[in-house]
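Engineer: have a look at this prediction, sequence included:
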Amino acid sequence: MARHPSAPVTLTEVARRAGVSVATASKALNARPDVAPETRARVLAVAEELSFQPNALARGLLSGSTRTVGLLTDELAGRFAIPVLLGVENALGDGQLSVLLCDARGDAIRRRHYIRTLLARQVDGLIILGDRNDVRTSLTAGIPVPVVYAYGESDDPRDLSVVADDVGGARLAAEHLLALGRRRVAHITGEEGYRAARDRAAGLLRVLDEAGLALAAGRPLYGAWSQRWGRQAARMLLAAHPGVDAVFCGSDQIASGVIDALHDLGRRVPDDIAVVGYDNWEIFATESRPPLTTVDLDLERLGGTAARQLIAALEGERGSGVVRHPGRLVVRESTGPVPG
């Protein structure tokens, strides 16, 4: 009886048409080394002719792999999680891997529960996504599959972590301002307890030092990650240091508040004072008046990098240490050369 046109082609049929055993056909299709080259070529040709699609479940049972990755996040609703997740999902999809997502919501008990649940589902590996670009306690001990940390650095140097390069991002902003002729640069940023705030300040200070310049106001102005703090800090800054000609802000929210305060004080942006933000958060960066020059963390690509690192680990190339993912400068109308 002829095979029904809509019925899927089986491995048995491929083996019969190629004149080999089912075991040999399976080895040829899975690139096993113990198959003669001419036999492999014949099996592959038959598989292509019949449009053979391997059964993923059967392949998993044979290989011990489920082609599934667990993704554990601490803050699914957060501003930074979604673009990272999109990058992870795209890269894993390209590698024909599926994702099981769990949100621990910052709770340690929930986090451990989800790790046990994902391992019970026999995931091949784990990506652990942080809610901030800080060092976090390693969770790898007792996990029998490869683990990659994304947007959060494990405190165990044997782990592999993919984090945003905030020092490098600040360097992009600082070099841009200096190239425009700005020489009296101030820094208004968020809470000093955040590693991101400290790293962005360090990157700015390094560039100014290399240029033989001092930071206006003498030190970074640390505060809340908010527009209100941006407005308050800008007023304090201009009252004490009216000659400032540029402000690099630790976030777009802060930069939006700074621009509001400068308008209120009669300062023109960018003619009198150029302003740079950080994060490329569209709701603030594009709706600001004028639109905001900012540093984009490129979080979707960061997620893709983390996923590809995990795929490499699944293929036996397990890494360690820290991968610092570069950001990019997005230039808009809030910066320009010094007039005249």
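Structural biologist: In hand now; what should we look at?
Engineer: and for Ala45, the neighbour number?
Structural biologist: 12 (other C-beta atoms under 10 Å). The C-beta positions use only the backbone N, C-alpha and C, and glycine is treated the same way.
Engineer: give me the distance between it and Ala36.
Structural biologist: As for Ala45, its distance to Ala36 is 14 Å (criterion: C-beta to C-beta, to the nearest Å).
Engineer: just the helices in the chain please.
Structural biologist: Under the criterion DSSP state H, the chain carries helices at the ranges 11-18, 22-29, 37-49, 56-63, 81-94, 108-120, 166-179, 195-210, 227-240, 252-264, 282-285, 299-314.
Engineer: which of these comes out lowest on mean pLDDT?
Structural biologist: Per-stretch averages of pLDDT across the helices of the chain put helix 56-63 at the bottom, with a mean of 47.
Engineer: what is the burial count for the closest residue in space to Ala255 that isn't next to it in sequence?
Structural biologist: Closest residue in space to Ala255, ignoring its immediate chain neighbours: Gly277 at 3.4 Å, by C-beta to C-beta, 6 or more residues apart in numbering. Other residues near Gly277 come to 30 when the count uses other C-beta under 10 Å.
Engineer: one more: Leu86?
Structural biologist: Leu86 has 14 neighbouring residues, counting by other C-beta under 10 Å.
Engineer: that one against Arg301, yeah?
Structural biologist: No - contact status for Leu86 versus Arg301: not in contact, 10.1 Å apart, counting by C-beta atoms under 8 Å.
Engineer: identify the residues contacting Arg308.
Structural biologist: With contact set as C-beta atoms under 8 Å, 6 or more residues apart in numbering, Arg308 has these partners: Ala91, Gly95.
Engineer: now render the helices of the chain as a markdown table, adding distance to Asp155.
Structural biologist: A markdown table is the format used below for the helices of the chain (distance: least, C-beta to C-beta, whole Å):
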| stretch | distance to Asp155 |
| --- | --- |
| helix 11-18 | 47 |
| helix 22-29 | 43 |
| helix 37-49 | 46 |
| helix 56-63 | 33 |
| helix 81-94 | 20 |
| helix 108-120 | 15 |
| helix 166-179 | 18 |
| helix 195-210 | 12 |
| helix 227-240 | 29 |
| helix 252-264 | 28 |
| helix 282-285 | 32 |
| helix 299-314 | 17 |
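Engineer: out of the ones you listed, which gets nearest to Val331?
Structural biologist: Judged by C-beta to C-beta, the one of these that comes nearest to Val331 is helix 166-179, at 7.1 Å.
Engineer: and the closest one with helix 195-210, angle?
Structural biologist: In this structure, helix 166-179 runs at an angle of 40 degrees to helix 195-210, with axes from the mean of the first three to the mean of the last three C-alpha atoms, to 10 degrees as the basis.
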